[in-house]
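Engineer: what follows is a protein structure lacking sequence information:
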């Protein structure tokens, strides 16, 4: 990874949190990102820890031959310990060095100190949770973070290895993202509120930075913190990035403001908005999120009313309103295809999914997630084509005490069988505006859903199928590895002709009443730019794939250079896997051929879900339920 500096600006209003001070002060956070380069020796198996050590940023890693190496940023790795007990070498453990070079190993609720030969010289266990992080205080005490996995709370405690004791945990209200040696007090904490200098004795602290609604509150795990000056802070992020924050006074941009209103806006999009605002000379995107005293449903209903009335925000997402389809039907969403066709975007540079949705839904897709269905094939012959009839035939080979998929009751199983078929597996005739719920195929689907829906009697039985979602390249490789071990094959969601895999889009929409459509389109084009696509989707934790082909391939190839682990499907084993060039080609083909997740209209599926429950509960027979569904769906079709 090359070192690179990227300056991002984001307007942030917050209070000066010096204790006893109520005066407000507005400031911007300027963030500079520098990629760290730790030697990626092929013998390195997995990371044990990352931290500041003697002023340097280091990674502690285990090798395949049982040694431990220290990798300093930009330098070659060196063997630190050899022939270590395998109890201390596993991906679930966390290693840390104090200022004197002593080694601490955290694993579950136990902290163990190792001598220079890797042998234990004492251990301490905590009683009220698991130990997740460790640092040295300004008074050279060893501080540990304790997390209670039941109550989902965390706190800090003081460790004394000489006496082999640990103090009672001081529980904190905020989630701890990282900690390090304090400046004026004991420890520096990065939590979901900001960066705080904290005193254990006083059980309070001084916040140097408060995140507010900025994108930086979702930085992820922090392995080291440095206060460079009063207004400058370094965060050593777990994803091998050094993030430098600087507080500056904001300035009036003098640009046309584009409003983007949603319950929440992803952190990565916020970062890209910051960059757009810096680069674009004419427009400035302003984010408006859920108001503090307003609930989720009320907020979305308010925005829905605004847009339906012909005003409201310039930009919206799936998390802005209650019913996007209703707004589109009213002409309140702008059709983006004329903008695409007018030039400025090379359609061949993107996966078809980026523009396919424009045929039915006026959204701009900037990220994609894959979805498919795996089916267990223990002994039965595997069908050549997984259409609805072959899947129903296949289900007939299973005993009735099995369940279809984890958490899927009968209604959900039925929805899985129909959701990606535009014509409800041949039940609806769109051309003639008619339907027929007396068909044998429909009755077979009802019986299969009732038989294999999860209930109290079969909740502990094996699943016939697994619903898989691929948010990044590692997800695909993990499913590929684990499903093969389980004897499951990718069948896709059933339609009349074949099993299909689908893509779900991260989508933005333009308000048709916006007075700044050119600016909104410039922002959409910005998000589709190759360099922005790579930056948005490069992180392991990013929840979608890029829609730009070149960005997709480059990020995928970078994934092939690393080793990965997964505890997929809550199995007790930790599966190690590699992402290969062959799998990269498979994922690319998957994205190339996958359709959008737009099957039968939601209104029809809602009618079915409401009525079939009486059959699944045994309150009505199949014929009676089908007659009600027939009447209601036919009425819906007549109104179209």
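Structural biologist: Nice, I can see it. Note that the coordinates shown come from a computational prediction; the quantities given were computed from them, not determined experimentally. Residues are numbered from 1 along each chain as shown.

Engineer: what about residue 291, how many residues close to it?
Structural biologist: For residue 291, the neighbour count with other CB atoms under 10 Å is 10. Using the backbone N, CA and C atoms, a C-beta is placed for each residue, glycine as well.

Engineer: so what's the residue nearest to it when sequence neighbours are not counted up against?
Structural biologist: Closest residue to residue 291 apart from its sequence neighbours, by CB to CB, 6 or more residues apart in numbering: residue 299 at 6.6 Å. The neighbours of residue 299, taking CB atoms under 8 Å, 6 or more residues apart in numbering as the test, are 263, 290, 291.

Engineer: the second one contacts residue 297, correct?
Structural biologist: No: if you go by CB atoms under 8 Å, residue 290 and residue 297 don't touch, sitting 10.7 Å apart.

Engineer: more neighbours: those two, which one.
Structural biologist: For residue 290 versus residue 297, neighbours defined as other CB under 10 Å are more numerous around residue 290 (17 against 10).

Engineer: can you give me every residue that contacts the more buried one?
Structural biologist: Going by CB under 8 Å, 6+ apart, residue 290 touches 263, 264, 296, 299.

Engineer: can you list the domains in this protein?
Structural biologist: Taking automatic domain parsing as the reference, the chain has its domains at 7-248, 256-369+503-596.

Engineer: chain center to the longest one: distance?
Structural biologist: Spelled out, that is domain 7-248. 22 Å (CA atoms, centre = their mean, to the nearest Å).

Engineer: how about the helices of the stretch 251-400 of the chain, start to end?
Structural biologist: Taking DSSP state H, counting those that start in this stretch as the criterion, the stretch 251-400 of the chain carries its helices at 267-279, 296-308, 324-329, 337-341, 353-356, 388-395.

Engineer: so which elements touch the last one?
Structural biologist: Think helix 388-395. Judged by 3 or more CB pairs under 8 Å, 6 or more residues apart in numbering; DSSP states H and E, helix 388-395 is in contact with helix 440-452.

Engineer: ok, back up a step: rank the helices of the stretch 251-400 of the chain by pLDDT, which is bottom?
Structural biologist: For the helices of the stretch 251-400 of the chain, the weakest mean pLDDT is recorded on helix 353-356, namely a mean of 72.

Engineer: now for that helix, which elements pack on it?
Structural biologist: Packing partners of helix 353-356 (3+ CB pairs under 8 Å, 6+ apart): strand 363-376, strand 595-596.

Engineer: got the buried residues for the longest one?
Structural biologist: Looking back up the chat, that one is strand 363-376. Across strand 363-376, burial judged by 16 or more other CB atoms under 10 Å covers 363-376.

Engineer: show me the two of those that sit farthest apart.
Structural biologist: Based on CB to CB, the longest span within the buried residues of strand 363-376 runs between 364 and 376 and measures 38.2 Å.

Engineer: how about the secondary structure of residue 421?
Structural biologist: coil (DSSP: H, G, I helix; E, B strand; the rest coil).

Engineer: any idea of the mean pLDDT for the helix or strand where residue 145 lies?
Structural biologist: Using DSSP states H and E, residue 145 falls within strand 142-148. The predicted model gives strand 142-148 an average pLDDT of 93.

Engineer: show me the contact partners of that strand.
Structural biologist: 98, 104, 106, 111, 126, 128-137, 153-161, 166, 169, 171, 176, 179, 186-187, 200.

Engineer: just stretch 492-505 next, same as before
Structural biologist: So stretch 492-505 is contacted by 353, 357, 363, 365-373, 385-388, 391, 416-417, 419-421, 423, 425-426, 469, 490-491, 590-591, 593-597 (CB under 8 Å, 6+ apart).

Engineer: which of those count as buried?
Structural biologist: Among those, the ones that count as buried by 16+ other CB under 10 Å are 353, 357, 363, 365-373, 386-388, 391, 416-417, 419-421, 423, 425, 490-491, 590-591, 594-597.

Engineer: pretty sure residue 592 is in a helix, no?
Structural biologist: Yes: under three-state DSSP, residue 592 falls within a helix.
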